[in-house]
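Colleague: any chance you could fold what I've pasted below:
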Amino acid sequence: MFAISLGDDGAELRPLEPWRAEEFLAHIERGREFIGQHVGLPDANKDLASARAFLQSYADKAATDTGRIHGIWTADDKLVGGVLFRTMDLAQGTAEAGCWLEPSAVGKGLVTRAARVIIDWAVHERGIHRVEWHVSSANEPSIAVARRLGMTRDGVLRESFFYRGARADMEIWSVLAPEWKAAQRR
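Modeller: Predicted coordinates for the structure are as follows:
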């Protein structure tokens, strides 16, 4: 197993693997309502079997190089959120990144730091040219992360996402490999 430090506060980024399903489900339960405001992660993880299957689907994606999922742990070894590549298409050089966080971890910069790690890996190690961030227009904290990552808003897909009985506008943000690398040099 590996862990990547996210800074001086002791937070770490680690793989979220199927054997962590119980811990993952407990984390989802702590943040179910908050996380579920804008993303369907809590709806897909209602019990231990579905949490294990969800994490297994990402283990399968990792094995086929089509996605990844990583958890964010605090210094006291508590899983509080995560970042992922929902999709990765190496032939096209594209990936869609995403995130979630439970309320106890909000406002600490954890998602931004973790997303930087996985985007850096995707660009430098896997040759990804374009990283996208799909976000509900109502999800202001996630939009703020996209901005902090140096992403550009490509556009809005009006009422394109049907979620919990309502239609939501989805924004597409992205960063291109040359932009990412140039920002690192600055």
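
Colleague: all the strands of the chain, residue numbers only.
Modeller: In the chain, the strands defined using DSSP state E lie at 4-5, 12-15, 68-73, 79-89, 94-101, 130-136, 152-163, 166-176.

Colleague: mean pLDDT and distance to Leu110 for these - can I get that in a markdown table?
Modeller: Heads up, the C-betas are built off the backbone N, CA and C, glycines and all. Shown next, in a markdown table, are those (pLDDT from 0 to 100; distance: least, CB to CB, whole Å):
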| stretch | mean pLDDT | distance to Leu110 |
| --- | --- | --- |
| strand 4-5 | 94 | 12 |
| strand 12-15 | 97 | 9 |
| strand 68-73 | 98 | 5 |
| strand 79-89 | 98 | 6 |
| strand 94-101 | 97 | 7 |
| strand 130-136 | 97 | 16 |
| strand 152-163 | 95 | 23 |
| strand 166-176 | 96 | 19 |
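
Colleague: I'd like those strands as TSV, with distance to Ala115 and mean neighbour count appended.
Modeller: TSV is the format used below for the strands of the chain (distance: least, CB to CB, whole Å; neighbours: other CB atoms under 10 Å):
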stretch	distance to Ala115	mean neighbour count
strand 4-5	12	13
strand 12-15	10	18
strand 68-73	10	24
strand 79-89	5	22
strand 94-101	6	22
strand 130-136	8	22
strand 152-163	15	12
strand 166-176	10	17
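
Colleague: could you dump those strands to a markdown table with distance to Arg52?
Modeller: Listed next are the strands of the chain as a markdown table, based on distance: least, CB to CB, whole Å:
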| stretch | distance to Arg52 |
| --- | --- |
| strand 4-5 | 24 |
| strand 12-15 | 15 |
| strand 68-73 | 13 |
| strand 79-89 | 15 |
| strand 94-101 | 18 |
| strand 130-136 | 25 |
| strand 152-163 | 24 |
| strand 166-176 | 29 |
